[in-house]
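Chemist: Sharing a model that was predicted from the sequence below.
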Amino acid sequence: MNCGTLVGRVPHARQEASPPKRSDARCACGARADGYDARSNEPACHSCAFLRADGGPASSSPEGRQQADELAEDYEAESELVADGGTFWGELSGFQRDILETIAGLEAGGIDPYGLAIEEDLEEYYGEIGHSRLYQNLDRLTDDGFIDRGELDGRTNSYTLTPESEALLEESVHRRADACGIEIAATDEGDEVNDEQRP
């Protein structure tokens, strides 16, 4: 009989109320099972219960360990993503990365990326954003070399991505695509082409 009780903090494992010889159950990795996988109803140890969201192999399975090792090698072989030589891409907050993506999107759409336009675009995702939060982060991104500040008129600043920042965003897109198994095609000029742009 299944009680659906979680085993610790493991989201994909549950304990059975009265399984036969529960103490003899073994996980696929050979360890003693702590519960049962919620998807397959197979015995699972605490380590193997942490399945990937895409249903891929658990990191403790031989296939999962090999895949994790390959990803780690790929990651270590890549250069660090840095804008000014001092601030790493990974040190930015998610909000700061979203600001950079928003600026890139506004620029691509032919809209001047000024403070209120950036704020309006971000508020579609975040809800209401305080001016101080936005402008403090814009200042930090400017100081760290991710964006350049210019003037649209006497009262309005515009923000544009630095070439280094554009390269970092492009690298981020490629990493995300690789992680999701999406192939990014390129034209002869090296510009990326999506399905909507194909003839």
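Modeler: Looks like it arrived, so ask away. Numbers count the residues shown, from 1 in each chain.

Chemist: residue boundaries of the strands in this protein?
Modeler: Under the criterion DSSP state E, strands of the chain are mapped to 2-7, 10-16, 35-37, 43-44, 147-151, 157-161, 185-186, 192-193.

Chemist: mean confidence score for the longest one?
Modeler: Taken as a whole, strand 10-16 carries a mean pLDDT of 46.

Chemist: now swap in the last one and tell me
Modeler: Confidence over strand 192-193 (mean pLDDT, whole number) is 49.

Chemist: Check the fourth one too.
Modeler: For strand 43-44, the mean per-residue pLDDT is 72.

Chemist: where does residue 156 land on pLDDT?
Modeler: So, for residue 156, pLDDT stands at 92.

Chemist: how near is residue 96 to residue 147?
Modeler: From residue 96 across to residue 147, the span is 10 Å (CB to CB, to the nearest Å). C-beta here means a position set from N, CA and C on the backbone, and glycine is covered the same way.

Chemist: My understanding was that residue 152 contacts residue 158; is that so?
Modeler: Yes: because the distance of 4.8 Å satisfies CB atoms under 8 Å, residue 152 is recorded as touching residue 158.

Chemist: what is in contact with these two at once?
Modeler: Residues touching both residue 152 and residue 158 by CB atoms under 8 Å, 6 or more residues apart in numbering: 112, 114.

Chemist: In terms of neighbours, single out the busier of the two.
Modeler: residue 158 (20 against 12; other CB atoms under 10 Å).

Chemist: hey, which helix is longest across this structure?
Modeler: Taking DSSP state H as the criterion, the chain has its longest helix at helix 163-180.

Chemist: And it, what does it pack against?
Modeler: helix 94-108 (3 or more CB pairs under 8 Å, 6 or more residues apart in numbering; DSSP states H and E).

Chemist: Show me what counts as buried in the helix it packs on.
Modeler: Neighbour counts over helix 94-108 (16 or more other CB atoms under 10 Å) mark 96-104, 106-107 as buried.

Chemist: ditto for stretch 119-131
Modeler: 119, 121-122, 129.

Chemist: same thing with stretch 160-173?
Modeler: 160-162, 165-166, 168-169.

Chemist: Now for these: which two are most distant?
Modeler: For the buried residues of stretch 160-173, the maximum inter-member distance is 14.3 Å, found between 160 and 168 (CB to CB).

Chemist: just to revisit the earlier point, and of the buried residues of helix 94-108, the nearest to residue 114?
Modeler: When these are compared against residue 114 (criterion: CB to CB), the nearest one is residue 106, at 8.7 Å.

Chemist: shouldn't the closest one be in contact with residue 119?
Modeler: No: between residue 106 and residue 119 there is no contact under CB under 8 Å: 11.2 Å.

Chemist: Domain map for this protein?
Modeler: 2-74, 89-180 (automatic domain parsing).

Chemist: which of these has the lowest average pLDDT?
Modeler: Lowest mean pLDDT within these: domain 2-74, a mean of 57.

Chemist: Now for residue 158: which residues touch it?
Modeler: 112-114, 149-152.

Chemist: now the longest helix of the chain and helix 94-108, what's the angle there?
Modeler: Angle of helix 163-180 versus helix 94-108, following axes from the mean of the first three to the mean of the last three CA atoms, to 10 degrees, is 110 degrees.

Chemist: Cheers, nothing more for now.
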